Structure formats: structure tokens, C-alpha cells
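>>> need the 3D shape of this:
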Amino acid sequence: MSSTGATPDVTGPAAHRAVRYAKFTIGYNVVEGVIAVSAGAVAGAISLIGFGIDSGIEVAAATVVLVRLLAEIKGGEPDEAKERKALKFIALTFFALAAYVTVEGIRDLVADEKPDTSPVGIALTGLSIVVMPWLARVKRRAGLEMRSRLVVADAAETRLCAWLSVSTFAGLLAFAAFGWTWIDPVAGFVIAAFAIMEGREAWEGELVCDDGCDDGGADEDAGAGVGADEERENAGAGERVDGKGAPSGGRTSCPDNCR
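All right, here's what the predicted structure looks like:
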């Protein structure tokens with residue numbers, strides 16, 4: 001078994017599961033984005049509109065990942081230059097989203113504007129709190145099985161989207177329960193912070209795990225079996241070179257480089 005730094009295994013069932021998860025991500029975020037923007041516009045909720053716009057950006061980012069994954073499965077080479085340009089465009093849209101929700105949030109705080117309660121938005125973000133962590137988990141599992149840093153990175157992106165769902169849900173629920181007019185702009189500022197983080201990752205190409213992607217948790221989880229095998233090999237090697245005779249198991253021969 002190889003580590004995540006080796007060529008990903010794109011021939012097994014894990015790779016095909018990763019494709020299905022990517023397609024599900026795109027489809028779910030399309031529906032989520034349309035509903036969120038519509039409900040946010042009706043209620044005048046900045047955080048919900050920002051959440052919906054972020055869903056649209058996630059669709060674009062997931063599409064870039066899916067295209068590259070399919071190219072690897074088919075044995076072709078993706079166009080790195082086009083991917084870089086696409087990721088930089090996605091980064092700019094994240095920054096534009098951050099600017100929009102920040103300006104609108106400040107304006108609403110100064111004018112003390114009051115949005116309407118959005119039961120649709122509460123239900124939608126509540127559903128995403130359930131769906132997104134599950135999706136991030138199964139994506140990561142598939143990525144570890146196929147030794148793909150790309151899929152593991154995409155899972156981390158989905159996990160970030162799950163946290164965004166939590167912040168938006170908390171803001172909408174708090175406003176519905178307590179009528180705090182300031183909670184929606186503050187939730188919008190949280191979305192802006194997430195958007196800046198995701199924008200920086202997209203701009204630097206970290207979304208597709210190119211140069212300098214940290215294997216970190218992937219190596220830790222995926223390499224457990226490898227570590228055990230290597231430990232057994234090293235133990236066997238120690239027996240062969242300790243100079244105290246033949247190792248157990250009846251072998252008497254020694255490799256040429258044995259000292």
C-alpha cells in the first residue's frame with residue numbers, strides 16, 4: 001500500500017464513489033443556492049443570501065474538482081493552466097461575496113433595518129447541518145482509500161461548508177427566537193470571513209491540492225496499515241543483521257548487502 005504522496009488508485013470502487021459524491025455535491029448545492037437566495041431575498045436576510053451565493057460558488061469549485069478527477073480516472077491529463085484560471089476566478093467571486101455581505105451588514109446595522117423571519121431558511125440550513133458533515137466524512141473516506149489528496153482536499157472544503165451552515169442556522173434561529181436585529185449582519189460577517197478563507201485557498205490553488213498540499217491527517221489515517229507492515233519488515237531486517245545467527249523461520253541465507 002502506498003502513501004497519499006503516491007499515484008492515486010483510480011481503478012477501484014473508491015474512485016467511482018468519489019465521483020458520485022462530487023456530483024451529489026454539485027446537485028445539492030445548486031438546489032440549496034436557489035432556495036437560499038430566494039428565501040433570503042423575500043425575508044431581507046443578508047446572511048441567507050450570502051449563504052446561497054456561497055452555495056453557487058461551491059458548485060463552481062466542485063465542478064473544477066470533478067473535471068480533474070474524471071480526467072485522472074480516464075487516464076488523461078487535465079489542463080492545469082485552465083484550472084488555475086478557473087480557481088482564480090472562483091477566488092475573486094469569494095472576495096466579492098465577502099465585500100457584499102460586509103457592506104450590506106454594516107448598512108443594516110447603521111440603519112437598524114429589521115429582516116423578516118425565514119422558516120424556509122432555518123429548515124434549509126438545518127438540513128445542511130446534517131447533510132454536509134456526512135458528505136465531508138464519506139468524501140474523506142473515499143479519498144483515503146484511493147490515496148487521493150485531491151479528494152481529501154475536497155472533503156475539507158465540504159467540511160468548511162458545514163460550519164458555514166451552522167453559523168447561518170444559528171443566526172436565523174436566534175433572530176426568530178429573540179428578535180435580535182443585529183444577529184443577521186453579524187452572521188453575514190461570519191460568512192464573509194469564511195469566504196475570504198476559501199478565496200485565499202482557491203487563489204493559491206490549495207483547493208485541488210497542487211504544490212505543498214499537507215498530507216497530514218490523510219497520511220495518519222491512510223498509513224496506519226502501512227506503518228504496521230513497515231514495522232514488521234524492520235523487525236525482520238533487525239533479526240537478519242544482528243549478527244547473532246539466522247533469523248527464526250529456518251532461513252540461513254543473507255542478502256548481498258547484509259553485514
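>>> all helices for this structure, in order.
13-43, 46-73, 80-111, 119-145, 149-178, 183-203, 216-222, 224-241 (DSSP state H).
>>> low-confidence ranges in the stretch 51-200 of the chain?
In the predicted model, the stretch 51-200 of the chain carries pLDDT under 70 at residues 76-80, 82-83, 86, 113.
>>> go with 90
51, 53-117, 143, 146-168, 170-200 (pLDDT under 90).
>>> if we can go back for a sec, now the helices of the chain as CSV including distance to residue 7 and mean neighbour count?
For glycine as for every other residue, the C-beta is placed from the backbone atoms N, C-alpha and C. As requested, the helices of the chain are exported to CSV (distance: least, C-beta to C-beta, whole Å; neighbours: other C-beta atoms under 10 Å):
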stretch, distance to residue 7, mean neighbour count
helix 13-43, 12, 18
helix 46-73, 9, 23
helix 80-111, 17, 17
helix 119-145, 14, 20
helix 149-178, 11, 21
helix 183-203, 24, 22
helix 216-222, 14, 16
helix 224-241, 15, 12
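>>> center of the protein - which residue?
Among the residues of the chain, the one closest to the centroid is residue 157, at 2.0 Å (C-alpha atoms, centre = their mean).
>>> distance check, that one against residue 115.
Relative to residue 115, residue 157 is positioned 28 Å away (C-beta to C-beta, to the nearest Å).
>>> please apply the same query to residue 199.
Using C-beta to C-beta, one obtains 25 Å as the distance from residue 199 to residue 115.
>>> go on, residue 195?
From residue 195 over to residue 115 (counting by C-beta to C-beta), the distance is 20 Å.
>>> got it, and residue 127?
The spacing between residue 127 and residue 115, counted by C-beta to C-beta, is 21 Å.
>>> swap in residue 53?
Distance of residue 53 to residue 115, given as C-beta to C-beta: 16 Å.
>>> got it, and residue 71?
44 Å.
>>> again, but for residue 93
For residue 93, the distance to residue 115 (C-beta to C-beta) stands at 24 Å.
>>> and the gap between residue 70 and residue 8?
13 Å.
>>> got it, and residue 128?
Look at residue 128 and residue 8: by C-beta to C-beta, they are 28 Å apart.
>>> do the same with residue 147
From residue 147 over to residue 8 the distance is 5 Å, taken as C-beta to C-beta.
>>> so for the two, which sits in the more crowded spot?
When neighbours are counted by other C-beta atoms under 10 Å, residue 147 comes out ahead of the other of residue 147 and residue 8, with 25 against 22.
>>> residue 11 is in contact with that one, correct?
No - Residue 147 is not in contact with residue 11 according to C-beta atoms under 8 Å; the separation is 11.6 Å.
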